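Undergrad: This is a predicted model, with the sequence first.
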Amino acid sequence: MIQRRVVLDKLKEELVKANVRLNEEVKRIVAEYEGPFSDVIKENYIISEKECLPLCQDTGILEFFVFLGHEVVLEEPIEKTLNSAVEEVYVAYPFRYSIVSDPVFERVNTHNNTPVVVHVFQVEGKKLEIRFLVKGGGSENLSTLHMMNPSAGASEIKDFVVEFVKEHGAKACPPLHIGVGIGGTADKALVLSKLALTKDFSERHPDPRYAELEEEILRTVNLLGIGYQGLGHGITAYSVHVEHFPTHIATLPVAVSVDCYLCRKGKIVFED
Amino acid sequence: MRIEEFKIGQEILYSGKLIVMRDQAHKRLKDMVEKGEELPVDLMGAVVFYAGPAKTPPGRPIGAIGPTTSARMDDYLEMLFRLGVIATVGKGKRTGKAIEACKKWKRVYFVAPSGTAAALAKRVKRARLIAFEDLGPEAIYELEVEDFPLLVAIDSLGNSVFGE
């Protein structure tokens, strides 16, 4: 059995880290940026780490991707543990409570930043892998879905993603990490586009055709010249990741999700 | 410096007051204006900052704070100008409607660096809750800031740093 306490403690540590310490891949790239606000951007990650203040005031909605081995035994439903971890961290640290209870009517703040969004995937084996995104509202508002014509090819998909980033990218705190989910059903494609954002920038798709699509979208997006903060200096996107799934003969769902320049995320693996 | 003198792309360090308000506070103010009620905040000559701070750690005036997406507030911009607001501060590109309003009222829109909330919090010297405490991070606050980095994104002639 994987003890609740073990998952909780490790997860809490990673949640704090994601919010106050800039991830190393991002840091290396941001350190090279010269342009409007570059001093403040570099000062920010030093202050946040030193003083344990969040990198961004929008400390997000938490989205989890859980890969649950079929031999793993847990003390309680994983969703419960994930909610407890987020509540304990967000109450204890100077983060922001950004969740409202009812989306349309009351919109009353829940004052603990829960509930979280959880996707569980059953896999073989005895491992429990938890990936998460600290998803800010500004970047989340760019999530989109396009049910394309099934005869559309890679170049139409590329055009759709690039046009979308051209129109909206400046609003989501670029440079962006771009996740593209292709296939399945509408909802599946959206989840895949989010899952794509949990990858490291340097990872490439194992299928060379998809790897080329990732690189081609990235290259074209970076010709848009949106730049840091949308102000035209520096790169527009760090990386593009594609996740795909078989689909119906009549459909080609394509979803796009983006992460802001901070790319706050985490990945933890436990073994039963 | 006069508002009309600011040109797009120009970077400044602002010291003075900012009125912090975002989505829900705008919605409430609009309701109150429509009902002819007295507003809980005086916006004459104010610079409005679209933001919602994180929790305040002990011993500090305010927690991490930074701009939110301005375009969400575009439908309320004319109302703010009518109430006397001289400039707004936020992040990102705004719609044509906001550009037109800035031109018509000769007002400016600044962007502040987004995703730099720990660094910006250090430039806030004092903070005071003004209204709508029940909204938590969406309440209205007044800040006194020093050397707060801003960049002119829409000037009073309706030029935008983000293009049309």
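TA: Structure's in. What do you need?
Undergrad: And for the residue of the stretch 151-272 of chain A found nearest chain B, the neighbour number?
TA: Nearest residue of the stretch 151-272 of chain A to chain B: residue A:171, at 4.1 Å (CB to the nearest CB). Every residue, glycine included, has its C-beta placed from N, CA and C. Other residues near residue A:171 come to 23 when the count uses other CB atoms under 10 Å in any protein chain shown.
Undergrad: go on, residue A:205?
TA: Applying other CB under 10 Å, we find 19 residues neighbouring residue A:205.
Undergrad: just to revisit the earlier point, got the contact list for the residue of the stretch 151-272 of chain A closest to chain B?
TA: Going by CB atoms under 8 Å, 6 or more residues apart in numbering or on different chains, residue A:171 touches A:138, A:141, A:142, A:230, B:69, B:71, B:91, B:92, B:93.
Undergrad: JSON lines please, covering those residues and showing neighbour count, secondary structure and distance to residue A:272.
TA: Below are the contacts of residue A:171 laid out as JSON lines (neighbours: other CB atoms under 10 Å in any protein chain shown; DSSP: H, G, I helix; E, B strand; the rest coil; distance: CB to CB, whole Å):
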{"residue": "A:138", "neighbour count": "23", "secondary structure": "helix", "distance to residue A:272": "38"}
{"residue": "A:141", "neighbour count": "15", "secondary structure": "coil", "distance to residue A:272": "38"}
{"residue": "A:142", "neighbour count": "21", "secondary structure": "coil", "distance to residue A:272": "38"}
{"residue": "A:230", "neighbour count": "22", "secondary structure": "helix", "distance to residue A:272": "46"}
{"residue": "B:69", "neighbour count": "26", "secondary structure": "strand", "distance to residue A:272": "43"}
{"residue": "B:71", "neighbour count": "21", "secondary structure": "helix", "distance to residue A:272": "47"}
{"residue": "B:91", "neighbour count": "26", "secondary structure": "strand", "distance to residue A:272": "44"}
{"residue": "B:92", "neighbour count": "25", "secondary structure": "coil", "distance to residue A:272": "45"}
{"residue": "B:93", "neighbour count": "24", "secondary structure": "coil", "distance to residue A:272": "49"}
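Undergrad: if I read this right, residue A:81 contacts residue A:8, doesn't it?
TA: Yes: using CB atoms under 8 Å, residue A:81 is in contact with residue A:8, at 5.9 Å.
Undergrad: Between the two, which has more neighbouring residues?
TA: A count of neighbours by other CB under 10 Å puts residue A:81 above the other of residue A:81 and residue A:8, at 21 against 15.
Undergrad: so which strand or helix has that one?
TA: Residue A:81 belongs to helix A:78-92 when assigned by DSSP states H and E.
Undergrad: Would you mind writing the CA trace of the lengthiest helix in chain B as PDB?
TA: The single longest helix within chain B, with elements called by DSSP state H, is helix B:23-35. Below are the C-alpha coordinates for helix B:23-35, written out as PDB (Å, rounded to 0.1, in the frame of the first residue of the first chain):
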ATOM      1  CA  ASP B  23     -13.900  41.600 -13.000                       C
ATOM      2  CA  GLN B  24     -16.400  41.300 -10.200                       C
ATOM      3  CA  ALA B  25     -15.800  44.800  -8.800                       C
ATOM      4  CA  HIS B  26     -16.400  46.300 -12.300                       C
ATOM      5  CA  LYS B  27     -19.700  44.300 -12.500                       C
ATOM      6  CA  ARG B  28     -20.800  45.600  -9.100                       C
ATOM      7  CA  LEU B  29     -19.800  49.200  -9.900                       C
ATOM      8  CA  LYS B  30     -21.800  49.000 -13.100                       C
ATOM      9  CA  ASP B  31     -24.900  47.800 -11.300                       C
ATOM     10  CA  MET B  32     -24.500  50.700  -8.800                       C
ATOM     11  CA  VAL B  33     -24.000  53.300 -11.500                       C
ATOM     12  CA  GLU B  34     -27.200  52.000 -13.300                       C
ATOM     13  CA  LYS B  35     -29.200  52.200 -10.100                       C
END
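Undergrad: Surely residue A:242 is within a strand?
TA: Yes: under DSSP: H, G, I helix; E, B strand; the rest coil, residue A:242 sits within a strand.
Undergrad: No more questions from me, cheers.
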